[in-house]
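> Take a look and give me a structure for this.
(2 chains)
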Amino acid sequence: QQKVQQSPESLTVSEGAMASLNCTFSDGTSNNFRWYRQHSAKGLEVLVSIFSDGEKEEGRFTAHLNRANLHVSLHIREPQPSDSAVYLCAVSIATNAYKVIFGKGTHLHVLP
Amino acid sequence: DMKVTQMPRYLIKRMGENVLLECGQDMSHETMYWYRQDPGLGLQLIYISYDVDSNSEGDIPKGYRVSRKKREHFSLILDSAKTNQTSVYFCASTAGTGYAEQFFGPGTRLTVL
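As a prediction, this is how the structure comes out:
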């Protein structure tokens, strides 16, 4: 079964400094990865989806995928206090097209 | 406007009472999900619905059942609620398989006393 781990658990950055979040997974045959953001126990919103090795940019959010290293990261350029939230990594399961596994999340705090 | 709604948003019940959580979506998505989210455990999958009357257990189905009689509506039922079912419950929908983006509702915070 796919296992997804996120690091760090908590991250504090100053407004304008780059924020980098990490996600490792156990099954390199997955080909569907997403980063979601969750503000204070509200619903999740998708930030960026990536399906092949390399980089995918959506506005200030950039995902990097390296399946050989079982690693996907999220970089937030010029973070703002409104970006303070929990960021969740979601990885598909190669053997079940309907299921994704979520990491436990990284709490990001952006200081003004 | 693509939207997933959940009702109620907050609910307090006593142990042993029945609970009905409701979810609706306006995107005609075939697939819908129920998750629960607990501190330190992340999102855990309770049930998947592939379409009307086509449901499958997720990773933690014990103590829950679901109903989907219309494509746009998916219900989660707790028969005789237990205190360890206190949690935040999220509904999600997606077009087709889990490879597509999941759209999430705002969540229902359930407290079982």
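
> Next secondary structure element downstream of the one helix or strand in chain A whose mean pLDDT sits lowest?
Least confident helix or strand, chain A: strand A:96-102 with a mean of 88, by mean pLDDT, DSSP states H and E. Following strand A:96-102 in sequence order, the next helix or strand is strand A:106-111 (DSSP states H and E).

> is chain B contacted by that next one?
No - shown here: strand A:106-111 not in contact with chain B (CB under 8 Å from any CB of the partner chain), separated by at least 11.0 Å. Quick note: C-beta positions are derived from backbone N, CA and C, even for glycine.

> CA atoms of that strand as CSV?
Output of strand A:106-111 as CSV, limited to C-alpha atoms (Å, rounded to 0.1, in the frame of the first residue of the first chain):
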residue,chain,number,x,y,z
THR,A,106,2.7,20.5,6.8
HIS,A,107,1.5,23.5,8.9
LEU,A,108,2.9,26.6,7.2
HIS,A,109,3.0,29.9,9.2
VAL,A,110,3.9,33.0,7.2
LEU,A,111,4.9,35.9,9.4
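
> Now do that strand: which elements does it pack against?
Where contact means 3 or more CB pairs under 8 Å, 6 or more residues apart in numbering or on different chains; DSSP states H and E, strand A:106-111 is packed against strand A:10-14, strand A:19-25, strand A:85-93.

> for the longest one, the distance to its chain's centre please.
The gap between where strand A:85-93 is centred and where its chain is centred comes out at 5 Å by CA atoms, centre = their mean, to the nearest Å.

> Mind pulling up the pLDDT for A:A41?
Per-residue confidence (pLDDT) for A:A41: 65.

> residues contacting residue 92?
By default, I'm working from chain A. Neighbouring residues of A:S92 by CB atoms under 8 Å, 6 or more residues apart in numbering or on different chains: A:2, A:30-33, A:99-100, B:98-99.

> I was thinking of chain B, sorry if that wasn't clear
A:44, B:4, B:32-33, B:35, B:102-105.

> so of those, which ones are in strands?
Among the contacts of B:A92, the members falling in strands (DSSP state E) are A:44, B:4, B:32-33, B:35, B:103-104.

> can you list the residues of chain B near chain A?
Going by CB under 8 Å from any CB, the residues of chain B near chain A are B:4, B:31, B:37, B:40-43, B:45, B:48, B:50, B:56, B:58, B:88, B:90, B:92, B:97-99, B:101-102, B:104-107, B:109.

> who touches the residue nearest to B:L41 when sequence neighbours are not counted in this structure?
With CB to CB, 6 or more residues apart in numbering or on different chains as the criterion, B:L41 has its nearest non-adjacent residue at 7.1 Å, and that residue is A:K104. Contacts for A:K104 (CB under 8 Å, 6+ apart) come out as A:5-6, A:9, A:88, B:40-42.

> With respect to B:Y10, which of these is nearest?
B:Y10 has its nearest neighbour among those in B:L41, at 20.6 Å by CB to CB.

> Surely B:T97 and A:A97 touch.
Yes - here B:T97 lies in contact with A:A97, judged by CB atoms under 8 Å, at a distance of 4.0 Å.

> okay, now residue 44: neighbour count?
No chain in the question, so chain A it is. 29 (other CB atoms under 10 Å in any protein chain shown).

> Chain B, not that one
16.
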